[in-house]
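Peer 1: give me coordinates for this.
(2 chains)
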2 protein chains.
Amino acid sequence: MTTTLTEKMYHSLIGGKPVEGTSGTTQAINPATNEATGPEFTLISEDQTQQATLAAAEAFPTYRRLTPKARAQFLNAAADKIQAAGEQIIATAMTETGLPEPRLQGELARTVNQLRLFAKVAGQADYLGVRIEPAMPERKPLPRPDLRQVKIPLGPVAVFGASNFPLAFSVAGGDTASALAAGCPVVFKAHNAHPGTSQLVGAAISEAVAEEGLPAGVFSLVYGRGTVVGQALVADPHIKAVGFTGSRGGGTALMATAAARPQPIPVYAEMSSINPIFVLATALGKDDEALAEGFVTSLTGSAGQLCTAPGLLFVPEGPAGDDFVERVSAALTAAAGSTMLTPGICSSRVEGEEAWKTLDGVTEVARGTAGSTENAPAPAVYTTDVATFLSTKELSEEIFGSVCLIVRYGSEDELHRVATGIEGQLTATLHLDPARENLTFARAFVEDLELKVGRVLVNGWPTGVDVGDAMVHGGPFPATSDGRSTSVGTLAIDRFLRPVAYQNLPADLLPDAVRDENPWSVVRRMDGQYTLPSIEGDA
Amino acid sequence: MTTTLTEKMYHSLIGGKPVEGTSGTTQAINPATNEATGPEFTLISEDQTQQATLAAAEAFPTYRRLTPKARAQFLNAAADKIQAAGEQIIATAMTETGLPEPRLQGELARTVNQLRLFAKVAGQADYLGVRIEPAMPERKPLPRPDLRQVKIPLGPVAVFGASNFPLAFSVAGGDTASALAAGCPVVFKAHNAHPGTSQLVGAAISEAVAEEGLPAGVFSLVYGRGTVVGQALVADPHIKAVGFTGSRGGGTALMATAAARPQPIPVYAEMSSINPIFVLATALGKDDEALAEGFVTSLTGSAGQLCTAPGLLFVPEGPAGDDFVERVSAALTAAAGSTMLTPGICSSRVEGEEAWKTLDGVTEVARGTAGSTENAPAPAVYTTDVATFLSTKELSEEIFGSVCLIVRYGSEDELHRVATGIEGQLTATLHLDPARENLTFARAFVEDLELKVGRVLVNGWPTGVDVGDAMVHGGPFPATSDGRSTSVGTLAIDRFLRPVAYQNLPADLLPDAVRDENPWSVVRRMDGQYTLPSIEGDA
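Peer 2: You can find the predicted model right below:
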């Protein structure tokens, strides 16, 4: 397999085959040096996207009918291939993204484990949501027909890679894994910031497709300009859903394109979140230093470029709060900036901070030191009060990077007004002492917050998203385009499915999942009750 | 309770209280006579809609936190009230809609049963989709936090009543029942064709709200002009989802409004379907007369104004097919038209048929007789071939009423091309003899069709939609705006929910549904396995 990028030029991998793009080339920039690095990658034209979408459409009928076991085997094979190429992938990603090796090691492990988790989900096949209501010929006033329901995949999915997770939210990331597990071929639009990393991972998936004997169009990796190729993919009639992680501007543009199609399709865009942390008074006065350091670590990790990085910190007014802010300042002042993902992301971060400086009622509290590389601005913390926060729209907009706003609050009522006034978020976090807290207030506050977020945390930090059954990485707009879903964790598979019912079909014509003998041993809802065993004798 | 409409004028019921509209009045038209009938109903202005949406928003925090038992009790109380007012409701609906008494009796029973079914769903509370992953402090490389997931209601829902089901898809219909069961207050926009029926049912629900001691804003019924009040409701920031049954034009207009909001919201619009019936050769030659009569009954029932009425009949070329078409013609010729719902619907039906007459390659096969009332056009059947069908866009557009196109086909390949060429549909139906059929083809054909529809039937008729766990009344656009859902059956509740995760919350702060002791005894997914019992000792 491709374990190193030795050629001078690489291309899109459409159905596993290199396709030379006709719209110029791109090259990665090492953000630590601002220098171009690695081979060139040709960019496809708008017309060339159709090769990938057509291949996906042709692969769909075969791919969607794989048994759970075969689909699981494919996902595990992809995981194996990526793991085998891990060393080269990490070396390439370090150069292309400026992220440090331990972070990328962890991300590679998460990516591989995520594929294996979705292999388990695909194999277990409970996501099919089988519901069976056997016929009741004697029912009055009308007989009940035999009705069987199962979820089927939507069709080919276009996935857009994120810059900030070059592995776990990129070529073989959560969107790809959940779409493939659901039975949907994937056309993956690489993020131009890490083309070499994308090539290595894309080649690994393509090899798994070939080795498992699947139709080649199950997976394609394309390089292109987002405004051209991205929009063309979302507008393409063969594409039936979209997964995206990126900016609010990018996500809403794709939403508009998808809604304007002759046949509109769902867009799952994870876009923008400032992840408020609420420090309640009872959390203070025990180990404020550890709390402050925990916060600064969460804020500055990966240069603040995590979707769940805490951009808002609510601290009570008064001496205890003053003392805590001082500790945050001390920890922040000791922190150094690290290389951001791209020069463009760094510029936006710097400009966002400059804009805050012009706002009335917002003052700088502390600043760390800039890193020694290019694109490594100093972490910084600002402060304001609740009234200014609620009345200043700019303060609710995400600055992607290590910049945080401390909002000092005076009362529980102010917290309630914040919780009801903020936009949708991925997370909200409370710090409190359960033994001393006013639990009536805290309970009501959790109820306020859950209406605005996908995940509520207590006494922890929102960064470090666990990938499992119970995770929700979602939330109301603008955190995501569609708060009814998650992009991390096994529930993500539901995004790419829709239910179909079969009425009075002869056994020979039924899909396997809903046959009496339950050949895949899936959980089924029989007459309103969950059940595992097979049905006997009512065919 | 209100059992009869004795006043000269009625108003919207906002939070149970009459609110006089300031934008004129409307009155029902008896479609059998074209005469105005019953009292006048005042229409609210765009501004007045905010009274209803604000009341719903204020009711939401209390209503969503009701226990499963309390929510079930409310839905059952609403069912009781509607049943108690049944006689007056049916008498009023007969005058307002032209539908015959037995049909409305059946629809009332379905409406009441549907509320009771959703009471059961709300009480059982499995729809919460609880997933629990207890903490694993020892997990390497990172400890696993305690994570608990549950689905919460989206918020107030705007529901638009359909003309063709004045009870089961109207004020207390499937959208209302499923939204209320999910914990969402409902603002119901009455269909102006049956305002009196709406008033009686709305009053019944409002009385149940009051008797159960719920916040008044849990339910409001408003009368207004669709283009003004309907659009205002969908644009209102308090509204978080939309349920609609009606025309493609109406549904797509609401979709556009919802997508253009600062915070876009989901629209569940059930719009347009011509429900193809495929008669395979093996179905013919046994009891063609019964088959032909079954088809004509399905086509002409309720004057062809059912969402699942079969507007397309595929019949093989050759003598057996010719004979079957003759039997359909005979049955159709013997059928009489019945009163349509409104003069406007009747005009569209007549104009749609007139347009077919101008199309090349389409010829009339048979025509029944017009009914004796106003607005009761004769049922009619036309015919064409597959090539003409596939190349003539107008033939894929729904004509709402008893008009059907018979398409003669020559080969299995032509059927495959039809199945892959048609737009999204609610249903597709096959007639065949399983003992004689080429099952390889039939299986492949079912697989073609399931990609285009929400429900596949064999040897039955799509009209008469069973309301249960396994039903899907949905399908890809333009059958609905969102094929990932159903508007009939218990799965409809999923439309109004979104998942939230709780990470490391102290037991006191957790919502009841995800507490260790499982106080509501709901099915839970624990570490990836479904389970009913409570967790012991891991809090």
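
Peer 1: so what's residue A:293 up against?
Peer 2: residue A:331 (C-beta atoms under 8 Å, 6 or more residues apart in numbering or on different chains). (Each C-beta comes from the backbone N, C-alpha and C, glycine too.)

Peer 1: where does it land in three-state SS?
Peer 2: Recorded secondary structure, residue A:293: helix (DSSP: H, G, I helix; E, B strand; the rest coil).

Peer 1: ok, residue A:110 - contacts?
Peer 2: With C-beta under 8 Å, 6+ apart, residue A:110 has these contacts: A:167-168, A:467.

Peer 1: go again using 10 Å as the cut-off
Peer 2: Residue A:110 makes contacts with A:117, A:165, A:167-169, A:173-174, A:465-467, A:488, B:142, as judged by C-beta atoms under 10 Å, 6 or more residues apart in numbering or on different chains.

Peer 1: what does the stretch 101-250 of chain A have sitting close to chain B?
Peer 2: For the stretch 101-250 of chain A, the residues in contact with chain B (C-beta under 10 Å from any C-beta of the partner chain) are A:105-106, A:109-110, A:117, A:120-121, A:124, A:126, A:129-134, A:136, A:139, A:141-155, A:240-241.

Peer 1: now with 7 Å, please.
Peer 2: Listed as neighbours of chain B in the stretch 101-250 of chain A under the rule C-beta under 7 Å from any C-beta of the partner chain: A:131-133, A:142, A:144-145, A:147-149, A:152.

Peer 1: tell me the two of those residues that are most distant?
Peer 2: Spatially, the most separated pair among these is A:142 and A:152, at 27.7 Å (C-beta to C-beta).

Peer 1: more neighbours: these two, which one.
Peer 2: residue A:152 (20 against 10; other C-beta atoms under 10 Å in any protein chain shown).

Peer 1: looking at this, the more buried one is in a helix?
Peer 2: No - using three-state DSSP, the assignment for residue A:152 is strand, not a helix.

Peer 1: and the closest residue to it other than its chain neighbours, its phi and psi?
Peer 2: Closest residue to residue A:152 apart from its sequence neighbours, by C-beta to C-beta, 6 or more residues apart in numbering or on different chains: residue A:500 at 5.4 Å. Geometry field for residue A:500 lists phi and psi as phi -130, psi 140, criterion degrees, to the nearest 10.

Peer 1: equivalent analysis for the one 3 residues further on, please.
Peer 2: Dihedral pair for residue A:503: phi -110, psi 120, per degrees, to the nearest 10.

Peer 1: cool, and the one 5 residues further on?
Peer 2: In this entry, residue A:508 is assigned phi and psi values of phi -60, psi -20 (degrees, to the nearest 10).

Peer 1: so how far is residue B:432 from it?
Peer 2: To residue B:432, residue A:508 is 11 Å away according to C-beta to C-beta, to the nearest Å.

Peer 1: which single one of the residues of the stretch 101-250 of chain A next to chain B is nearest to residue B:368?
Peer 2: Residue B:368 has its nearest neighbour among these in residue A:142, at 25.4 Å by C-beta to C-beta.

Peer 1: please, which helix or strand holds that closest one?
Peer 2: Using DSSP states H and E, residue A:142 sits within no helix or strand.

Peer 1: and the end-to-end length of stretch A:301-309?
Peer 2: In stretch A:301-309, first residue to last residue: 8 Å (C-alpha to C-alpha, to the nearest Å).

Peer 1: can you say which of the residues of the stretch 101-250 of chain A next to chain B are buried?
Peer 2: A:131-133, A:145, A:147-149, A:152 (16 or more other C-beta atoms under 10 Å in any protein chain shown).

Peer 1: looking at those residues, which are in strands?
Peer 2: A:131-133, A:147-149, A:152 (DSSP state E).

Peer 1: which element is residue A:111 on?
Peer 2: helix A:101-124.

Peer 1: I should have written residue A:498 there, sorry.
Peer 2: Per DSSP H and E: strand A:497-503 holds residue A:498.

Peer 1: can you give the contact residues for the next helix or strand after that strand?
Peer 2: Per DSSP H and E, the first helix or strand lying C-terminal to strand A:497-503 is strand A:524-526. With C-beta atoms under 7 Å, 6 or more residues apart in numbering or on different chains as the test, strand A:524-526 has contacts from A:130-132, A:518, A:531, B:469.

Peer 1: farthest-separated two in the residues you listed?
Peer 2: Pairwise over the contacts of strand A:524-526, using C-beta to C-beta, the maximum falls at A:518 and B:469, 16.6 Å.

Peer 1: now flag whichever of the ones in strands among the buried ones among the residues of the stretch 101-250 of chain A next to chain B is closest to residue A:451.
Peer 2: Looking across those and measuring by C-beta to C-beta, the closest to residue A:451 is residue A:131, at 29.6 Å.

Peer 1: now the secondary structure element (helix or strand) that residue A:232 belongs to, how far from the centre of its chain.
Peer 2: Using DSSP H and E, the element containing residue A:232 is helix A:231-235. Offset of helix A:231-235 from its chain centre (C-alpha atoms, centre = their mean, to the nearest Å): 20 Å.

Peer 1: correct me if wrong: the residue nearest to residue A:152 contacts residue B:471.
Peer 2: No - with contacts counted by C-beta atoms under 7 Å, residue A:500 stays clear of residue B:471, the gap being 11.0 Å.

Peer 1: give me the neighbour count for the nearest residue to residue A:420 once chain neighbours are set aside.
Peer 2: Closest residue to residue A:420 apart from its sequence neighbours, by C-beta to C-beta, 6+ apart: residue A:448 at 6.0 Å. Neighbours of residue A:448 under the rule other C-beta under 10 Å: 18.
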